[in-house]
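1. kindly return the folded structure for what I paste below:
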Amino acid sequence: MAGFGPADGSSNLPRATMNNPQSTLNVLISLQNKGYAKTTLYGISKKLKQLAKHTDLTSEKVLEYISSQRNDNTKNLLANAYDHYAKFYEIKWNKPK
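-> Residues are numbered from 1 along each chain as shown. This next block holds a predicted model:
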């Protein structure tokens, strides 16, 4: 699907390692360096782990999984966490409104 995936067709990490815990750790370290609070980082970490458990973090399945959640607050938290991940790895995606 157009509009999803790395902007230039590549990624900062090999596809096989994108669901590796190190890939989310790199995002969290970057956010920590930007001054995010530990409680915020913990919440983002939990939601990224949830997404990685149920989807490939580089595929359209992320949006499908987020959309399948019943609770709007959960959808928002998942979308925000993935938005940090996508920006860090330059993955083009359209965050749900």
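
2. secondary structure element for the most centrally placed residue in the chain?
-> Geometric centre of the chain, nearest residue: residue 82, 2.5 Å, by C-alpha atoms, centre = their mean. Under the criterion of DSSP states H and E, residue 82 resides in helix 72-88.

3. now for that helix, which elements pack on it?
-> helix 21-33, helix 38-54, helix 61-68 (3 or more C-beta pairs under 8 Å, 6 or more residues apart in numbering; DSSP states H and E). Just so you know, the C-beta spots here come from the backbone N, C-alpha and C atoms, and that holds for glycine as well.

4. what does the second one contact?
-> Contacts of helix 38-54 from elsewhere in the structure, counted by C-beta atoms under 8 Å, 6 or more residues apart in numbering, are 19, 21, 24, 27-28, 31-32, 36, 57, 61-62, 65-66, 77-78, 80-82, 84-85.
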